[in-house]
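Colleague: Based on what follows, work out the 3D shape:
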Amino acid sequence: MALTLDNVGIVVEDLDAAVGFFEELGLELEGRDVVEGEWAGRVTGLGDQRVEIAMLRTPDGHGRLELSRFLEPAVVADHRTAPVNALGYLRVMFAVDDLDATLDRLAGHGAELVSTEVVRYEDAYRLCYVRGPEGILLGLAEPLG
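Modeller: Numbers count the residues shown, from 1 in each chain. From the prediction side, this is the model:
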């Protein structure tokens, strides 16, 4: 039985830009490091690897996001432009307190709406998907009432 969701991982090319984007969203950088060696490759199945990582946490302390930039081996696939109905991991959803202000801040980091509008789901949420740096897909939800 799973006890908690520890973190979600996203592989990026520009770690600094991705960290800045998620800090603008309100996540806090816990730390950065290089993970390397045969032991790490035994976990991932990649053999000897070298990866620069940044770990961020949500302000409530319950959610964490691990951003990884592979130095060795080279990245072998690119899913950044996959549409929202592609198989596999889709997106990370964040609850925000002010969706319009969040979108304005994230636009400074290149975020763009996937659709042309923010939509309302009943009296519960205002929702949208955005693509951030490197095409990272995020869901943003502002609770109503």
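
Colleague: can I assume Val43 sits in a helix?
Modeller: Yes - assessed with DSSP: H, G, I helix; E, B strand; the rest coil, Val43 lies in a helix.

Colleague: Domain boundaries for this protein, per the record?
Modeller: 8-72, 92-143 (automatic domain parsing).

Colleague: Can you get me the start-to-end distance on stretch 37-49?
Modeller: Taking CA to CA, to the nearest Å as the measure, stretch 37-49 stretches 6 Å from start to finish.

Colleague: who's in contact with it?
Modeller: The contact list for stretch 37-49 (CB atoms under 8 Å, 6 or more residues apart in numbering) reads Val35, Glu36, Val51, Phe70, Glu72, Pro73. Bear in mind the C-beta positions are built from the backbone N, C-alpha and C, glycine included.

Colleague: For that stretch, what is the distance to the chain centroid?
Modeller: 23 Å (CA atoms, centre = their mean, to the nearest Å).

Colleague: If you average the pLDDT over that stretch, what comes out?
Modeller: Averaged across stretch 37-49, pLDDT comes to 85.

Colleague: Can you point out the buried residues in it?
Modeller: Gly41, Gln49 (16 or more other CB atoms under 10 Å).

Colleague: Strands along the chain, start to end?
Modeller: For the chain, the strands defined by DSSP state E cover 8-11, 28-37, 49-57, 64-72, 92-95, 112-113, 119-121, 125-131, 137-143.

Colleague: For those strands, give me a markdown table that also has distance to Phe21.
Modeller: A markdown table is the format used below for the strands of the chain (distance: least, CB to CB, whole Å):
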| stretch | distance to Phe21 |
| --- | --- |
| strand 8-11 | 11 |
| strand 28-37 | 12 |
| strand 49-57 | 10 |
| strand 64-72 | 10 |
| strand 92-95 | 12 |
| strand 112-113 | 12 |
| strand 119-121 | 23 |
| strand 125-131 | 10 |
| strand 137-143 | 9 |
